[in-house]
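1. Sequence first, predicted model second:
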Amino acid sequence: MTEGSAGGAPPRCAAASRGKLMAAALLSGLLVAGAASASPVTYFLDGGGLVDASGCTSAACPGIADITFDNVGGPFAMGGSVTLDDVALTLSLDLTLAALPMLEIVVGSDNDNGVESLDFASITYSAAGIPVIPAGPVFILNPLGPPVTFEAMLTQLAPGGGVVSGPTAISLGAVSVSGTCTVAGDSINCLPVFGRTGFEIGIGAPASAVSRFFKHDANFTATVPEPAVALLVGLGIGGLGLAARRGRARH
C-alpha cells in the first residue's frame, strides 16, 4: 500500500480537490466584489444625519404660525443604507434614528391642549423605488414618486415633563420626500427632505387633537464597500466552506 492511500484520497486527488475549493472561494470573492460595483449599488451611512426637524399649523411648514415645533440639540446621527439604481433610475432607502426631541415654540395662546414637547423614538424612514432624475453626478428625488413610510414611538409631554399621551406607535405611509443625492466615487451624499405632505400628526388629547404638519431635513454621507474588502469577504466565506469540508472528512 502506497503512502497516503490508507487515510483517504491519494495526494494528487486531495491537492486537486483543494485547488478546486480555492478556485471556488476566489470566484465567490470576485462575484461579491462585482456586485459591489454593479447597478444597483447599496451605500451604508457613515456620517451626518438629521439636521433639522420642524412642525407647524399648516402644510406650508415651517411657515409663520402661532405654534411651531423645533428639534432640540441636533444634528442627530442616522444609520441604515440607501440603494441607487442608475439604470432603472430609482433610489431606495432604509434609515433609522434613535430619538428626536422637539420643543414647542408658542407665539400667543397655547392651542395644543397642554402639550409642550414631543419625544420621538425608534424612528425609521423606508421607501423603495423612488424615481430619480439624473443631472450629471447629481440625482434629483422626484417628489411625485412612491412616498416614504415613517414609523416611530411618540410621547407627548406637558410643561414640567408630565405625559399627556404615549408612548404611542405611529405609522405614516404617505410621507413625501424631495431633495438630491450626489455620487462621488464610492460614496454618496444625500440631502433628503421628508414631509410636509403626508407628514401630519394629531397633537393633544384624542378627543380634541389638532393637526400639526412636520418636515425633517437630513444631510448624510454613505459609502459602498470597496471591491478589495468584498473580495476578502468572499474569500473568507470560501475559507469557511473549505474548513467545514476538512472537518467532515476527518470525522
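-> Happy to help now that I have it. These numbers were taken from a predicted model, which means no experiment stands behind them.

2. and residue 49, how many neighbours does it have?
-> By the other CB atoms under 10 Å criterion, the neighbourhood of residue 49 contains 18 residues. Where you see a C-beta, it was placed from the backbone N, CA and C, and this is true even at glycine.

3. Repeat that for residue 118.
-> Other residues near residue 118 come to 27 when the count uses other CB under 10 Å.

4. packing partners for whichever strand or helix holds it?
-> Following DSSP states H and E, the helix or strand that holds residue 118 is strand 117-135. Helices and strands in packing contact with strand 117-135 are listed as strand 90-106, strand 138-141, strand 148-157, strand 163-175, strand 177-184; criterion 3 or more CB pairs under 8 Å, 6 or more residues apart in numbering; DSSP states H and E.

5. Now render these as CSV, adding mean neighbour count, distance to residue 192 and mean pLDDT.
-> CSV is the format used below for the helices and strands packed on strand 117-135 (neighbours: other CB atoms under 10 Å; distance: least, CB to CB, whole Å; pLDDT from 0 to 100):
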stretch, mean neighbour count, distance to residue 192, mean pLDDT
strand 90-106, 18, 8, 93
strand 138-141, 19, 6, 96
strand 148-157, 20, 8, 96
strand 163-175, 14, 11, 92
strand 177-184, 18, 4, 96
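
6. Tell me which of the ones you listed lies nearest to residue 50.
-> Within the helices and strands packed on strand 117-135, the stretch nearest residue 50 is strand 90-106; the backing value is 5.9 Å (CB to CB).

7. The closest one pairs with which strands, and in what direction?
-> Each strand that pairs with strand 90-106, with its direction, by DSSP bridges: strand 67-71 (antiparallel), strand 76-85 (antiparallel), strand 117-135 (antiparallel).

8. deepest of the ones you listed, which one?
-> Greatest average neighbour count among these goes to strand 67-71 (a mean of 20), per mean count of other CB atoms under 10 Å.

9. Which residues are in contact with the closest residue to residue 119 other than its chain neighbours?
-> Nearest-residue entry for residue 119: residue 155, 4.5 Å, with adjacent residues in sequence omitted and distances by CB to CB, 6 or more residues apart in numbering. Neighbour list for residue 155: 118-119, 121, 163, 165-168 [criterion: CB atoms under 8 Å, 6 or more residues apart in numbering].

10. 10 Å instead, please
-> Residues counted as contacts of residue 155 (CB atoms under 10 Å, 6 or more residues apart in numbering) are 101, 117-121, 163-168.

11. circling back to that earlier point, go ahead and produce PDB holding the CA coordinates of the strand holding residue 118.
-> Output for strand 117-135, consisting of C-alpha atoms alone and laid out as PDB, is shown next (Å, rounded to 0.1, in the frame of the first residue of the first chain):
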ATOM      1  CA  SER A 117     -42.900  68.900  23.800                       C
ATOM      2  CA  LEU A 118     -42.800  65.800  21.700                       C
ATOM      3  CA  ASP A 119     -40.400  62.900  22.100                       C
ATOM      4  CA  PHE A 120     -40.000  60.700  19.000                       C
ATOM      5  CA  ALA A 121     -38.100  57.400  19.500                       C
ATOM      6  CA  SER A 122     -37.200  54.300  17.400                       C
ATOM      7  CA  ILE A 123     -37.700  56.200  14.200                       C
ATOM      8  CA  THR A 124     -37.500  54.600  10.700                       C
ATOM      9  CA  TYR A 125     -37.800  56.100   7.200                       C
ATOM     10  CA  SER A 126     -38.200  53.500   4.500                       C
ATOM     11  CA  ALA A 127     -39.100  53.600   0.800                       C
ATOM     12  CA  ALA A 128     -38.500  51.600  -2.300                       C
ATOM     13  CA  GLY A 129     -38.200  52.700  -5.900                       C
ATOM     14  CA  ILE A 130     -38.200  56.500  -5.600                       C
ATOM     15  CA  PRO A 131     -37.800  57.900  -9.100                       C
ATOM     16  CA  VAL A 132     -34.700  60.000  -9.600                       C
ATOM     17  CA  ILE A 133     -33.700  62.400 -12.300                       C
ATOM     18  CA  PRO A 134     -30.000  62.300 -13.300                       C
ATOM     19  CA  ALA A 135     -28.100  65.600 -13.700                       C
END
